[in-house]
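> need a structure here:
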Amino acid sequence: MKGPVHQALFVFYVANQERSCTFYRGVLGVEPTLNVPGMTEFPLVNGGCLGLMPEKGAVRLLGEAIPDPASASGVPRAELYLIVDDASAYHSRSIALGAKEISPLSKRDWGDAAAYSADPDGHVLAFATRSDRAVESS
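Prediction:
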């Protein structure tokens with residue numbers, strides 16, 4: 001085996017790349033590092049990256065090896081768990097920008113204060129503050 005992984009890129013297949021780019025630009029408060037037809041990338045911590053690929057692009061790239069991602073539109077299959085200083089602010093921004101609230105900010109069994117929402121394509125987003133900074137919501 002040669003060396004460690006150099007970067008992690010998490011790719012969400014989206015129905016509308018422009019809509020999703022606008023959503024994540026507003027929620028994350030950063031500009032994409034790449035925004036071309038077929039792929040948008042937003043920087044995350046430690047070199048990680050959130051990619052947005054149109055569903056049709058995924059079909060062109062991967063062909064019949066996988067089911068068409070559009071057939072599972074809105075069906076959550078994973079979550080993006082982001083640890084931030086102010087989970088409430090991120091969660092509120094996501095709702096204001098069109099996300100659906102799944103669960104409000106509250107103290108979780110594992111110690112984090114976390115809030116859950118679904119982006120316009122149904123991907124689950126969690127915004128959390130670690131226990132040493134967590135504040136219980138009422």
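> from residue 131, how far out is the nearest residue to residue 96 once chain neighbours are set aside?
Setting aside the residues directly before and after it, residue 96 is nearest to residue 26 in space (Cβ to Cβ, 6 or more residues apart in numbering), at 8.0 Å. For the C-beta atoms, the positions are set from N, CA and C on the backbone; glycine is no exception. For residue 26, the distance to residue 131 under the criterion Cβ to Cβ, to the nearest Å works out to 28 Å.
> alpha carbons of stretch 19-32, as PDB, please.
What follows is stretch 19-32, C-alpha atoms only, in PDB (Å, rounded to 0.1, in the frame of the first residue of the first chain):
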ATOM      1  CA  ARG A  19     -29.600  25.600  -6.900                       C
ATOM      2  CA  SER A  20     -27.400  23.400  -4.700                       C
ATOM      3  CA  CYS A  21     -24.300  25.600  -5.200                       C
ATOM      4  CA  THR A  22     -26.400  28.600  -4.000                       C
ATOM      5  CA  PHE A  23     -27.700  26.600  -1.000                       C
ATOM      6  CA  TYR A  24     -24.200  25.400   0.100                       C
ATOM      7  CA  ARG A  25     -22.600  28.800  -0.600                       C
ATOM      8  CA  GLY A  26     -25.100  30.400   1.800                       C
ATOM      9  CA  VAL A  27     -25.000  27.600   4.500                       C
ATOM     10  CA  LEU A  28     -21.300  27.100   4.600                       C
ATOM     11  CA  GLY A  29     -20.400  30.800   4.100                       C
ATOM     12  CA  VAL A  30     -17.600  30.100   1.700                       C
ATOM     13  CA  GLU A  31     -17.200  30.300  -2.100                       C
ATOM     14  CA  PRO A  32     -16.700  27.100  -4.100                       C
END
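> pull the contacting residues for the closest residue to residue 88 other than its chain neighbours.
Among residues not flanking residue 88 along the chain, residue 105 sits closest, at 5.2 Å (Cβ to Cβ, 6+ apart). Contacts were defined as Cβ atoms under 8 Å, 6 or more residues apart in numbering; by that measure residue 105 touches 87, 88, 91, 113, 114, 115, 127, 137.
> check the gap between the second one and residue 94 for me.
Shown here: residue 88 relative to residue 94, a distance of 11 Å by Cβ to Cβ.
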